[in-house]
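> The following block contains a protein sequence and its predicted model.
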Amino acid sequence: MSSKDAVQAKHSGRSATPLDETAYRILDVLRDNGRISIAALADRVGISRASAYSRVESLVSDGVITGFGARVDHAKAGLSIGALVFVTVLPQAWASFRDRIVDMPDVEWCAITTGEHDAMLLIRATDVSGVHEFSTGVIAQLPEVRTVVSVVVLDEVVRRPFLLPTDIPERETEVPLGMTRWTPASPGRDTLPPR
């Protein structure tokens, strides 16, 4: 694989090297403890230390592992309120909207979506007034934004750092038609370059 192909694979979300069962076991262990020693990782996965070290280095260089960090309890850190902010963006303003959102420290997570709204943001605040101030005083004031809807998160039932294909169970149930409403993306969303 050329370096150009590796860069393209890294930016397209695909790994440069296909993942095998050992790679998935390594990722599963690191998901629970990103600070585990290479020796302990090798023991848990059932491979040599040298292999564990080279496998982790390969996962990092291929862009499968994009970083290591601490998980924080938001409430204990002083941000007791979470909110989802749904945004409808003006059709020709996507690139500018994305650039502005990336620079906003209040935004924990943002995704461009299909459906009634164009983007969904997860924000954190010290209180409900902080959610209101950000939603109406910052996001709604952007010239790229047409509408904003905010909902306060009452309880975060499940929050995993990431999922793996090995986590998804095989299902043999028949899915009834008509249970999901599909709204196509508005023009311009699908042509944005990856960030």
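That came in fine, so what should we check first?

> which residue of the chain sits farthest from its center?
When each C-alpha in the chain is compared with the mean C-alpha position (Cα atoms, centre = their mean), Ser48 comes out farthest, at 31.5 Å.

> which phi and psi does the closest residue in space to that one that isn't next to it in sequence have?
If the residues on either side of it in the chain are set aside, Ser48 comes closest to Ala42, at 6.0 Å by Cβ to Cβ, 6 or more residues apart in numbering. C-beta here means a position set from N, CA and C on the backbone, and glycine is covered the same way. Note on Ala42: backbone dihedrals following degrees, to the nearest 10 are phi -60, psi -40.

> show me where pLDDT drops low in the chain?
1-17, 175-195 (pLDDT under 70).

> Helices of that one, residue ranges please.
Secondary structure of the chain (DSSP state H): helices located at 3-11, 21-32, 38-45, 49-61, 94-102, 128-134.

> Include mean neighbour count and distance to Leu122 when you put those into TSV, please.
Rendered in TSV, the data for those read as follows (neighbours: other Cβ atoms under 10 Å; distance: least, Cβ to Cβ, whole Å):
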stretch	mean neighbour count	distance to Leu122
helix 3-11	12	24
helix 21-32	16	20
helix 38-45	17	30
helix 49-61	16	26
helix 94-102	16	12
helix 128-134	16	11
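
> Of all those, which one is nearest Leu164?
helix 21-32 (5.5 Å; Cβ to Cβ).

> Glu116 - how many residues pack around it?
The burial metric for Glu116, expressed as a neighbour count using other Cβ atoms under 10 Å, is 11.

> so how far is Val87 from it?
Counting by Cβ to Cβ, to the nearest Å, the gap between Glu116 and Val87 amounts to 11 Å.

> coming back round to it: what residues does the residue nearest to Ser48 make contact with?
By Cβ atoms under 8 Å, 6 or more residues apart in numbering, Ala42 lies in contact with 48-49, 51-52.

> wait, which of those residues is closest to Leu142?
Of all the contacts of Ala42, Ala52 has the smallest distance to Leu142: 46.3 Å, by Cβ to Cβ.
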